[in-house]
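*Asks:* sharing a sequence plus its predicted fold:
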Amino acid sequence: MPTLEALSSDATESRPTADDVRAFRKAALENGYRLVPVETGGKRPTATGWTAGVLPEVLLTCREEALNTGILCEGLRIIDVDVDDEAKAAEIERLAQQHLPPGALARRRSNSPRLALVFRAAEGTPRKRKIGVSGRAVEVLGAGQQLVVHGVHNTGVLIEWDDGRSPATAPQADLPSASDEAITRFLNACADALGVPREGKGKSNVVTLFEAAVAQGSSFTAAEARAANDDLYAGISTGRFEELSSEVKRKVGKACLDSLDNTKEDPRDRWMQVVFAMHAAADEGCPDAYDLALEWSRRGARWTDEAAFDQLWNSYRSGRTGVGTLLQMAEQAGADLSAFWGSQARTEAVGAAPPPSLLKALSIGDLPATPPKREWLHGPHLIRGSVSLLVSPGGRGKSTFLLALALACASGRELLGFHVFGGPLRVLYINAEDSGDELTRRIRAAMIHHTLRDSDLDKLRVMGADRFGLSLMAPEKSGPTLNVVGWVALETLLEEERPDVLILDPLVSLVGGVSLNDNSAAALLQGRLVKLATQRKLAVMVAHHTAKSRETNTADAAMGAASFVNLARVSLSLETVSEQDAPKLGIAPWAAQSTLRLVGTKQNLSKPSTDDNFFRLLSVTLPNAAPPIYPRGDEVGVIEVFRPNPAISPFPKPMLDAALSVIRQARPPLSPKGGLSNIASAVSTQTPTNERQAKAIVDHLVRTGQVSVEDVSVPRAGRGAYTRQGLVATTPEPPAKGPSP
């Protein structure tokens, strides 16, 4: 098998083998890229619904007809230099070096000056931008698009990468980030260099754009210029097509094709326009565009064979024909596409409002005489068809608890002390904060502690941040909105896995930079999660952080807007026991931070009691030592049920004896407050102790009757004695042990 360096440089013109492709894809996946299989020697993705991502097992199958590989452009900023003039292409590359950060990946091919530069997006998941026309254009690829990064170009040459740096060798996280401001400056400079209108300029008369291109040596004809003008100004904006969800794009494409009858008359020029327009739709993220166009072409009166179709499809060049051509032809044929436009169409894949005919109020007689049973799944925490919220400060065991919850539900075992109804359950746990490697360590540690085998967890599915990596919200100029790409990906995943329980951890990593204080955004997101749970009959658990300086055991502890809590059916808080309360529960103060209390913040706002649900964090050593550099395995936190017992002493006897000894010997008796430093010093010979912990020891001695707080007389030199409170041991000091006989 070739090395990754060889795969990146593509020094030979021979087509990569399936082993080559598998090695490239495996390395690129490990580097954090989201991949799609692409037709061998072409640019068309072969996977259905590829814009939502493709599972690794599908990618690594490496079918002979799909040996090219693309990367999803969501979250990236890929500069596609579509310039055929060698000098101009070199000038564009110099402008990129001038306006954009250094270190981007550079993709080329040997038979053209065209190139692509791969950056990360500075923020969010921006969509594409473009200036110029085909052969004299610069496009910035974005969400809903893909770039072929490995394999054979449709002109027959191999994809090449500068300096051996490709997605197989350079992690996505290490790519330089390009801001929209920097890209704007770059595109404006490119427009000036190419002699084409700047971005957003000159669209009132697109013919002038083509005239400018012709003046610079382009071979476009006047007819093509008029066609382009008709394409963009047919009363339908192709930009609106970009905003649609993937599923709605497919419906639009199919509706257009269904309106164009080619069974009797099938002129070749119309066939070419339709196929090219569908190819443009594919580039805009329309799934199955190739299959739809092929199916429509087969109905044509002049249909010949699939080879002719493929030849036409592969001859498409970006910029000559756009989606607007198809939309215009369909409307001229009588198609009504109005239902697909607007905000409802853009959010259809994530749950648009039902048509008015379905909105019908029910009478009492319509209601079932016996209400359906409320389906609890795990104790009082998870209920089918509802959303639960777990709130906790960062780093306090929230993820450890939720992972144990996932293992409990998937195995059907009471790992957290609560019954699993109808278990084992199908569980999908998405951790949007930790990598897959860290998630693996946590899972294996918990399995070791709870003696679970792989066969016990065959209903568990997990995803780390490097696999999901999508946001469910998107910041827009008009205000935060649902991120269609993220929701389509999540819905697709849920359709495949059909879980009973969905755990999302944590909320802050899924909102795409949207402010958590925006109550309308919170209501939009939480409302969508509630609808998701209701429609799919699953229980959703969302992990959320507490706000700073708020009490964790109150309903308003959650960070950000109130809608996160208000729209949750169950709201829970996971809090650490305070050092002050620890001894009352039979817990030493220094163990308080590893002891957690689970509180139902919508029902229980009381102080801790032994009737509450407590858990203890422990450390498990994994068997993954790698000597001599790492002689010990990783230490990973796990969680287990803890039963407090105030009847037992939380302090070892030598510590109590040391405290009692200094209390007995003090003359005058120690003050309950001022004497704490003396007690802490005495106890520190056993365990390092501060005054706060010394007070906990004193409180325990008083509570158990070994010490009392009494009024004592304290003499003062040259002045009369005064009275204050003092610590008095109620039991005599045990006799010193004599020498053994």
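*Replies:* Structure received.
*Asks:* okay, CA-based contacts and neighbour counts for the rest of this
*Replies:* Fine.
*Asks:* residues near Asp82, how many?
*Replies:* 21 (other C-alpha atoms under 10 Å).
*Asks:* I should have written Ala369 there, sorry.
*Replies:* Ala369 has 8 nearby residues by other C-alpha under 10 Å.
*Asks:* and the pLDDT at it?
*Replies:* Looking at Ala369, its pLDDT is 86.
*Asks:* which SS state does it fall under?
*Replies:* Following DSSP: H, G, I helix; E, B strand; the rest coil, Ala369 is assigned to coil.
*Asks:* who's in contact with it?
*Replies:* Counting by C-alpha atoms under 8 Å, 6 or more residues apart in numbering, Ala369 makes contact with nothing.
*Asks:* all helices for the stretch 551-700 of the chain, in order.
*Replies:* For the stretch 551-700 of the chain, the helices defined by DSSP state H, counting those that start in this stretch cover 563-566, 653-665, 676-683, 691-703.
*Asks:* what's the last one in contact with?
*Replies:* The reference is to helix 691-703. 579-580, 583, 589-590, 651, 656, 659, 672-673, 676-677, 679-680, 683, 707-709.
*Asks:* worst average pLDDT in the helices of the stretch 551-700 of the chain?
*Replies:* helix 563-566 (a mean of 63).
*Asks:* quick one, what contacts the residue nearest to Arg44 when sequence neighbours are not counted?
*Replies:* Spatial nearest neighbour of Arg44, chain neighbours left out: Val38 (5.4 Å); criterion: C-alpha to C-alpha, 6 or more residues apart in numbering. Residues in contact with Val38 (C-alpha under 8 Å, 6+ apart) are 44-47, 66-70, 148.
*Asks:* which of those tops the neighbour count?
*Replies:* Tallying neighbours with other C-alpha under 10 Å puts Asn68 at the head of the contacts of Val38, with 30 neighbours.
*Asks:* my read: it touches Glu39, true?
*Replies:* Yes: with contact defined as C-alpha atoms under 8 Å, Asn68 reaches Glu39; the gap is 5.8 Å.
*Asks:* from the contacts of Val38, which two are the most distant?
*Replies:* With C-alpha to C-alpha as the measure, no two of the contacts of Val38 lie farther apart than Ala47 and Val148, at 14.0 Å.
*Asks:* in the stretch 351-500 of the chain, where is pLDDT below threshold?
*Replies:* Along the stretch 351-500 of the chain, the model assigns pLDDT under 70 to residues 351-360, 394, 478.
*Asks:* tell me where it has strands.
*Replies:* 376-378, 382-383, 387-392, 427-431, 460-463, 473-474, 481-482 (DSSP state E, counting those that start in this stretch).
*Asks:* buried sites along the third one?
*Replies:* Right, strand 387-392. 387-392 (16 or more other C-alpha atoms under 10 Å).
*Asks:* circling back: just name the lowest-scoring one in the contacts of Val38, pLDDT-wise.
*Replies:* Ala47 (79).
*Asks:* which of the contacts of helix 691-703 are buried, as a ChimeraX select command?
*Replies:* Only the buried members of those end up in this ChimeraX selection, burial being decided by 16+ other C-alpha under 10 Å:
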select :579,583,589,590,651,656,659,672,676,677,679,680,683,707,708,709
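*Asks:* what angle sits between the longest helix along the chain and strand 387-392?
*Replies:* Longest helix in the chain, counting residues (DSSP state H): helix 519-536. Using axes from the mean of the first three to the mean of the last three C-alpha atoms, to 10 degrees, the inter-axis angle of helix 519-536 relative to strand 387-392 is 130 degrees.
*Asks:* helix 519-536 packs against which elements?
*Replies:* For helix 519-536, the packing partners by 3 or more C-alpha pairs under 8 Å, 6 or more residues apart in numbering; DSSP states H and E come out as strand 387-392, strand 481-482, strand 539-545, helix 563-566.
*Asks:* strands paired with the shortest one, and their directions?
*Replies:* Here strand 481-482 has these sheet partners by DSSP bridges: strand 473-474 (antiparallel).
*Asks:* quick one: residues in contact with the partner strand.
*Replies:* 124-125, 480-483, 486, 510-514, 525.
*Asks:* how is this protein carved up into domains?
*Replies:* 4-201, 238-353, 376-639, 653-729 (automatic domain parsing).
*Asks:* among these, which is nearest Thr370?
*Replies:* domain 376-639 (17.7 Å).
*Asks:* quick one: end-to-end length of that closest one, please.
*Replies:* 23 Å (C-alpha to C-alpha, to the nearest Å).
*Asks:* including distance to Thr621, could the helices of the stretch 551-700 of the chain go into a markdown table?
*Replies:* Converted to a markdown table, the helices of the stretch 551-700 of the chain look like this (distance: least, C-alpha to C-alpha, whole Å):
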| stretch | distance to Thr621 |
| --- | --- |
| helix 563-566 | 37 |
| helix 653-665 | 29 |
| helix 676-683 | 31 |
| helix 691-703 | 29 |
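*Asks:* closest to Trp376 out of these?
*Replies:* The minimum distance between Trp376 and these falls on helix 563-566, with 19.2 Å, by C-alpha to C-alpha.
*Asks:* the domains of the chain: lowest mean pLDDT?
*Replies:* Mean pLDDT is lowest for domain 238-353 among these, at a mean of 76.
*Asks:* chain center to that domain: distance?
*Replies:* 32 Å (C-alpha atoms, centre = their mean, to the nearest Å).
*Asks:* near the residue nearest to Arg597 when sequence neighbours are not counted, how many other residues are there?
*Replies:* The shortest distance from Arg597 to any residue other than its chain neighbours is 4.5 Å, reached at Phe614 (C-alpha to C-alpha, 6+ apart). Phe614 has 24 neighbours, counted by other C-alpha under 10 Å.
*Asks:* tell me which of the helices and strands packed on helix 519-536 lies nearest to Met278.
*Replies:* Between Met278 and these, the tightest spacing by C-alpha to C-alpha is seen for strand 481-482, at 27.0 Å.
*Asks:* what distance separates stretch 111-121 from the centre of its chain?
*Replies:* Its chain's C-alpha centre and that of stretch 111-121 lie 27 Å apart, by C-alpha atoms, centre = their mean.
*Asks:* before we move on, back to that, reformat the domains of the chain into JSON lines and put distance to Ala369 next to each item.
*Replies:* Shown next, in JSON lines, are the domains of the chain (distance: least, C-alpha to C-alpha, whole Å):
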{"stretch": "domain 4-201", "distance to Ala369": "43"}
{"stretch": "domain 238-353", "distance to Ala369": "29"}
{"stretch": "domain 376-639", "distance to Ala369": "21"}
{"stretch": "domain 653-729", "distance to Ala369": "56"}
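*Asks:* so which of these is nearest Ile364?
*Replies:* Nearest to Ile364, of all the domains of the chain, is domain 376-639, at 21.6 Å by C-alpha to C-alpha.
*Asks:* so who does the residue nearest to Arg616 when sequence neighbours are not counted touch?
*Replies:* Once flanking residues are discounted, Arg616 sits nearest to Thr595: 4.6 Å by C-alpha to C-alpha, 6+ apart. Going by C-alpha under 8 Å, 6+ apart, Thr595 touches 576-577, 614-617, 642.
*Asks:* swap the cut-off to 7 Å and go again
*Replies:* Residues near Thr595 by C-alpha atoms under 7 Å, 6 or more residues apart in numbering: 576-577, 614-617.
*Asks:* can you redo those as a markdown table with distance to Glu497?
*Replies:* Converted to a markdown table, those look like this (distance: C-alpha to C-alpha, whole Å):
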| residue | distance to Glu497 |
| --- | --- |
| Thr576 | 35 |
| Val577 | 38 |
| Phe614 | 32 |
| Phe615 | 30 |
| Arg616 | 32 |
| Leu617 | 31 |
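*Asks:* max pairwise distance over those: which two?
*Replies:* Using C-alpha to C-alpha, the contacts of Thr595 reach their maximum pairwise distance at Val577 and Leu617, which is 12.0 Å.
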